[in-house]
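> generate a structure from the sequence data that follows.
(2 chains)
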Amino acid sequence: MALLELSDVSVHYGRIGALSGISLTVEEGEIVTLIGANGAGKTTTMRAISGIRPLSGGKITFDGEDITKLRADLRVVRGISQAPEGRGVFPGMTVLENLDMGAYARKDRKNLAEDFERVFTLFPRLGERKSQVGGTMSGGEQQMVAIGRALMARPRLLLLDEPSMGLAPQFIQQIFRIITEINQQGTTVLLVEQNAQQALSRAHRAYVLETGSISKTGTGPELLADPSVKEAYLGVA
Amino acid sequence: MNHVVTFLADGSDWINFDVGALRDQFWNDTIEGLSQGSIYALVALGYTLVYGVLRLINFAHSEVFIFGVFGAYFTFFGLGFRPGPTPELGAGELILYLALALIVAMLVSGATAVVVERVAYRPLRRRGAPPLVFLITAIGASFVLQQILFIWRGGNQERAIRLMRPQEVFTIFGASVTNLQIIIVLASIVLMLIANTFINRTRLGRGVRAVAQDPDTATLMGVNKERVIMLTFLIGGLLAGAAALFYLMKAPTGASYQGGFLLGIKAFTAAVLGGIGNLRGALLGGLILGIVENYGQSVFGGGWRDIVAFVLLVVVLMFRPTGILGESLGKARV
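Presented below is the predicted three-dimensional model:
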């Protein structure tokens, strides 16, 4: 049974359709990536899974239970957490407070010490800047905060929306390495990316999203080798 | 030496410019301004909190306040006090009655604020109404609450019920400080400290700040936004209720259906003056407004008090459009 399953999910902004009936699955333990051009509906998919954006049709199942109508804040309790597009670091909160917000929905708030430890091991930079205010950090550091914060929820499914966006090349390498590491520690990852090269080489499976529909799916290596994917997303003619 | 300038041809005091009066009254004005300003600050916090979370000026907040004034008034009434001479109460008795009135006023205002949120604003949020609709609804809610009071109590002020007479406790530079002023300033400071601690040090308070800074991301962290919004209105209402009791003790004839309007506008002014969305700004704005309007009254004459308050706002906004402290609850760091 898939950990996450979207069946025929549609989302509309007013009368404009952003997603028209997409279906995808994420199995426990996988890294699945969703690639596509700007405006293809990648972020909308993430927002639908997190419950920020209501569906106009279709069904979302998580861990065997229908969560289509479940309130967004309760989905976090179920084990879905997200590092959103643009990072969404709380500008007026320190690194520590931001990370603590990630654990907001946790019932076992007594045992946060080891989660902080885990985040600071993955991102030593954050450990050095615990009391820096989010709004004054660089893009790469903010991305670390966003991913670390999402991990503080101890998610079963981690949603990462464009973690490489706007980052310097050395940061991009580092972020993708850490994503693999998080996955190897046992967290399932759904990754939305424009950096298809990196995403496909890290992912077990991938979906290609084109103007609101899934046009292709396969394993990471398969899509890396696919000529039309190469042409459209990898910049190889 | 007084510098009274008379502008009207018939020699009456249309406006004074009496620096001597300010010099003579300086400490009296300051002390009285602090106690009046504390009341503004408590009410201003309600405007600022709601603005911080919803980017909405809750114009019904002045009525949330006046409902608390009536709550306090009828607590006095229910305890057997009637308009007329001030009773001689022991200190213990007085504190008990005032504490009771404080609780009732806070609950009445808190409940009013939550009801306004539920009935007026939440349905609009559900439908994704544009900001202008919220603004008009806020003004409408303000009128509805006023008219409810009018239908119930009529247009006249309630007759004053006094539980205590202000008495001089000590003097600063010759200006007397009364027990009433001390109670108001101390109680306001304590309440504001509690509110500040709640917002900055507790988990729920952090949720409020998260929604203020980025509502969608807050939701992604598992914050229930609707609950945070209700909590915000509740806290603002509770503080306005406390202000309501202090106001009634200061101005015993203040229970009137329109009585919230001017005070509400002043408190809103205080919030904008200090930097709307900013908790410390509300405190600072309230105190400055209370003090400056007293100075203005001494210099220009009694009728100019409110004008001085609003001119101050205009002048400050000309030079600092975001208010004195100028950051939002979202960005505020404590």
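> drop to CA atoms for contacts and neighbour counts, all remaining ones
OK.
> now for residue 85: which residues touch it?
Answering for chain A, as no chain was given. Counting by CA atoms under 8 Å, 6 or more residues apart in numbering or on different chains, A:E85 touches A:T43, A:L160, A:D161, A:E162, A:P163.
> the chain in question should be chain B.
B:R162.
> can you classify it by secondary structure?
When classified by DSSP: H, G, I helix; E, B strand; the rest coil, B:P85 comes out as coil.
> and for B:V69?
Under three-state DSSP, B:V69 comes out as helix.
> for chain A, see how far away it is.
36 Å (CA to the nearest CA, to the nearest Å).
> again, but for B:L239
Going from B:L239 to chain A by CA to the nearest CA gives 24 Å.
> how many other residues sit next to that residue?
Counted by other CA atoms under 10 Å in any protein chain shown, the residues lying close to B:L239 total 28.
> tell me the pLDDT at the residue nearest to it when sequence neighbours are not counted?
Take B:L239 and drop its neighbours on the chain: the residue closest to it by CA to CA, 6 or more residues apart in numbering or on different chains is B:L42, 5.6 Å away. On pLDDT, B:L42 comes in at 98.
> one more: A:F116?
96.
> got a list of what it touches?
A:L99, A:M152.
> which SSE is it in?
helix A:112-122 (DSSP states H and E).
> starting at the chain centroid, how far to that helix?
Distance of helix A:112-122 from its chain centroid, counting by CA atoms, centre = their mean, to the nearest Å, is 19 Å.
> which residue, neighbours along the chain excluded, lies closest to the residue of the stretch 201-334 of chain B found nearest chain A?
Residue nearest to chain A within the stretch 201-334 of chain B: B:G222 (3.8 Å; CA to the nearest CA). Distances taken as CA to CA, 6+ apart put A:D73 closest to B:G222, at 3.8 Å, once the chain neighbours are dropped.
> quick one, what contacts that neighbour?
By CA under 8 Å, 6+ apart, the neighbours of A:D73 are A:A105, B:T219, B:L220, B:M221, B:G222, B:V223, B:N224.
> so the second one, which of the three states?
Assigned state for B:T219: helix (three-state reduction, three-state DSSP).
> ok, the closest residue to it other than its chain neighbours to A:G86 distance?
Leaving aside its chain neighbours, B:T219 sits nearest to A:D73 (5.5 Å; criterion: CA to CA, 6+ apart). Using CA to CA, to the nearest Å, A:D73 is found at 20 Å from A:G86.
> now do B:L107
B:L107 is 41 Å from A:G86, by CA to CA.
> repeat for A:T44
14 Å.
> picking that back up, which one of the contacts of A:D73 is nearest to B:G140?
B:N224 (27.6 Å; CA to CA).
> tell me, which helix in chain A spans the most residues?
In chain A, assigned by DSSP state H, the helix with the most residues is helix A:169-184.
> can you report how many residues lie near B:G46?
33.
> now swap in B:G174 and tell me
Using other CA under 10 Å: B:G174 sits among 11 other residues.
> which residue is the nearest non-sequential neighbour of it?
B:W27 (7.8 Å).
> what helix or strand is A:L167 located in?
With DSSP H and E as the criterion, the answer for A:L167 is that it lies in no helix or strand.
> and the pLDDT for the closest residue to A:I178 other than its chain neighbours?
Distances taken as CA to CA, 6+ apart put A:L122 closest to A:I178, at 6.9 Å, once the chain neighbours are dropped. With respect to pLDDT, A:L122 scores 95.
> tally of neighbours for A:Q185?
Neighbours around A:Q185, by other CA under 10 Å: 10.
> got the phi and psi for it?
When read as degrees, to the nearest 10, the backbone of A:Q185 gives phi -80, psi 0.
> same check on A:G21?
Main-chain dihedrals, A:G21, degrees, to the nearest 10: phi 70, psi 60.
> and it, what is it in contact with?
A:G21 is in contact with A:S7, A:D8, A:V9, A:S10, A:G57, A:G58, A:G212, A:S213, counting by CA under 8 Å, 6+ apart.
> so who does the first one touch?
Just to be clear, that refers to A:S7. A:G21, A:I22, A:S23, A:L24, A:G58, A:K59, A:I60.
> quick one: the strands in the chain?
Went with chain A since none was named. A:4-13, A:16-26, A:31-36, A:57-62, A:65-66, A:80-83, A:157-161, A:188-193, A:205-210, A:213-219 (DSSP state E).
> was after chain B, sorry
Under DSSP E, chain B gives strands at B:168-172, B:175-178.
> quick one: which of the ones you listed is nearest B:Q258?
B:Q258 lies closest to strand B:175-178 among those, at 28.1 Å (CA to CA).
> average pLDDT for that closest one?
93.
> same check on stretch B:237-252?
Stretch B:237-252 carries an average pLDDT of 97.
> what about it, distance to the chain center?
On CA atoms, centre = their mean, the centre of stretch B:237-252 falls 8 Å from that of its chain.
> same question, stretch A:82-101
That offset, for stretch A:82-101, works out to 15 Å (CA atoms, centre = their mean).
> need the distance between the two termini of that stretch.
End-to-end distance (CA to CA), stretch A:82-101: 12 Å.
> flag every buried residue along it.
Under the neighbour-count criterion of 16 or more other CA atoms under 10 Å in any protein chain shown, stretch A:82-101 has A:82-101 buried.
> look up how far B:E293 lies from the residue lying closest to A:L223 once chain neighbours are set aside.
Spatially, and ignoring its direct neighbours in sequence, A:L223 is nearest to A:V229 (6.4 Å; CA to CA, 6+ apart). Separation of A:V229 from B:E293 (CA to CA) stands at 70 Å.
> the two: who's more crowded?
When neighbours are counted by other CA under 10 Å, A:V229 and B:E293 differ, and B:E293 comes out ahead with 26 against 19.
> surely that one touches B:A309?
Yes: between B:E293 and B:A309 there is a contact under CA atoms under 8 Å: 5.4 Å.
> which bits of the stretch 51-200 of chain B sit near chain A?
Counting by CA under 8 Å from any CA of the partner chain, no residue of the stretch 51-200 of chain B lies close to chain A.
> where does the stretch 51-200 of chain B get nearest to chain A, residue-wise?
B:N200 (10.1 Å).
> what is the neighbour count of that residue?
With other CA under 10 Å as criterion, B:N200 counts 18.
> and what of B:G264?
B:G264 has 24 nearby residues by other CA under 10 Å.
> report pLDDT for the residue minimising distance to the centre of chain A.
Geometric centre of chain A, nearest residue: A:L160, 1.7 Å, by CA atoms, centre = their mean. Note on A:L160: pLDDT of 97.
> what sits against it?
Residues near A:L160 by CA under 8 Å, 6+ apart: A:Q82, A:A83, A:P84, A:E85, A:I147, A:V189, A:L190, A:L191, A:V192.
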